[in-house]
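Engineer: Sharing a model prediction with you, sequence too.
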Amino acid sequence: MKGTYILILKMDREKILKVGRLGEIKFKRGFYVYVGSGMNSLIRRVARHFRRFKRMRWHIDYLSVEASEIVAFLIPNKKVECELARDFARRFEPIEGFGCSDCNCLSHLFYIRDFV
């Protein structure tokens with residue numbers, strides 16, 4: 001199965017993480033929404049984000065191993081990753097450059113202090 005996914009990651013406390021070539025990023029306490037795609041295997045890609053021990057390959061790997069909770073939503077058979085990222089960028093606080101090195105989006109990761 002191919003498609004797009006949305007991860008919601010919870011950070012219980014503030015933490016500074018070195019994220020590949022992006023360098024150090026200060027992650028605040030709260031929730032982060034990440035938009036990605038798995039055009040070879042959606043299930044395998046999303047399952048990888050739940051593993052604690054993995055080779056750090058993508059920006060989201062650095063955050064997913066530190067998150068206290070992760071929830072995933074799958075959108076099968078649709079490549080709407082960038083459309084969702086552009087919409088989220090208008091609504092939430094983007095973490096500039098995160099997860100979008102292969103497209104022209106501002107970000108694919110967004111901060112939300114709390115869900116109401």
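Structural biologist: Arrived safely, thanks for sending.
Engineer: For the chain, which segments count as helices?
Structural biologist: Under the criterion DSSP state H, the chain contains helices at 42-49, 59-64, 81-91.
Engineer: Tell me the helices and strands packed up against the shortest one.
Structural biologist: Translated: helix 59-64. Judged by 3 or more Cβ pairs under 8 Å, 6 or more residues apart in numbering; DSSP states H and E, the packing partners of helix 59-64 are strand 3-11, strand 15-19, strand 30-38, helix 42-49, strand 109-112. The way it works is simple: take the backbone N, C-alpha and C, and place the C-beta from them, glycine included.
Engineer: can you tell which of those is closest to residue 80?
Structural biologist: Closest approach to residue 80 among the helices and strands packed on helix 59-64 (Cβ to Cβ): strand 3-11, 5.0 Å.
Engineer: Give the pairing partners of the closest one; include direction for each.
Structural biologist: strand 30-38 (antiparallel), strand 69-76 (antiparallel) (DSSP bridges).
Engineer: and stretch 54-68, how far from the chain's centre?
Structural biologist: Relative to its chain's centre, stretch 54-68 lies at 9 Å (Cα atoms, centre = their mean, to the nearest Å).
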